[in-house]
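Asker: only the shape, not the letters, is given here:
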């Protein structure tokens, strides 16, 4: 009951990696013990009450996709990149968990990620019609390449999260930069580099 699930640690490490790679500031990453998760919800840094086992607190590029009109990026093409980067943020957690489980063909088949997939569907609905069909599979493929490319760093971060439970974003960014030798800038890494 007082242990933190290894799968949850990998899941949250995957999300954290994606936010870091996109150059988005991370406030905090938390992995709760089974007892904490069963005891009730947690309160995030903004005061929201959430029923979660783990959480990465960072800002997405598209804050509330469900509040935007379907297909809006058809008329605002500058949104496409933000949506596609947020899809990497969304799906990197389930992909990291699936890779740890050795079930990477469908990262949502077993384990967590329901809320991630829901947010992903909300984001995909904003894309122009020509991008709808392949958006989910492209995002999962990108996440697969990203997480595999940085797997030793994901593993080290999962170890830290499983041990400590809650780690501030600056420490996470510093650890990932130290392990990889990289310090990403906001949108500095091209999405196309995940398509190879």
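Answerer: In hand now; what should we look at? Because the structure is predicted, anything quoted here is derived from the model rather than measured.
Asker: state the three-state secondary structure for residue 77.
Answerer: Under DSSP: H, G, I helix; E, B strand; the rest coil, the three-state class of residue 77 is coil.
Asker: contacting residues around it?
Answerer: By C-beta atoms under 8 Å, 6 or more residues apart in numbering, residue 77 lies in contact with residue 128. Heads up, the C-betas are built off the backbone N, CA and C, glycines and all.
Asker: state the pLDDT value of it.
Answerer: Model confidence at residue 77, given as pLDDT, is 96.
Asker: these two touch, right, residue 116 and residue 90?
Answerer: Yes - in this structure, residue 116 is within contact of residue 90 by C-beta atoms under 8 Å, at 4.8 Å.
Asker: and those two? which has more neighbours close in?
Answerer: Counted by other C-beta atoms under 10 Å, residue 116 and residue 90 do not tie: residue 90 has more neighbours, with 27 against 23.
Asker: quick check, the more buried one in a helix?
Answerer: Yes - looking at residue 90 with three-state DSSP, it is inside a helix.
Asker: can you give me the strands in this protein?
Answerer: Using DSSP state E, the strands of the chain run over 26-31, 42-43, 49-50, 54-58, 166-168.
Asker: which one of these lies nearest to residue 86?
Answerer: Nearest of those to residue 86, taken as C-beta to C-beta: strand 54-58 at 10.8 Å.
Asker: sheet-wise, list the partners of that closest one with their directions.
Answerer: Strand 54-58 has its sheet partners listed here by DSSP bridges as strand 26-31 (antiparallel).
Asker: quick one: contacts for residue 12?
Answerer: Here residue 12 is in contact with 29, 30, 31, 54, 55, 56, 93, 158, 161 (C-beta under 8 Å, 6+ apart).
Asker: out of the residues you listed, which two sit at the greatest distance?
Answerer: Largest separation among the contacts of residue 12 by C-beta to C-beta: 55 and 158, giving 14.6 Å.
Asker: for those two, indicate the residue with more neighbours.
Answerer: The neighbour count for residue 55 versus residue 158, taken as other C-beta under 10 Å, is higher for residue 158 (25 against 20).
Asker: picking up where we left off before, of the contacts of residue 12, closest to residue 195?
Answerer: Closest to residue 195, out of all of those and judged by C-beta to C-beta, is residue 93, at 20.3 Å.
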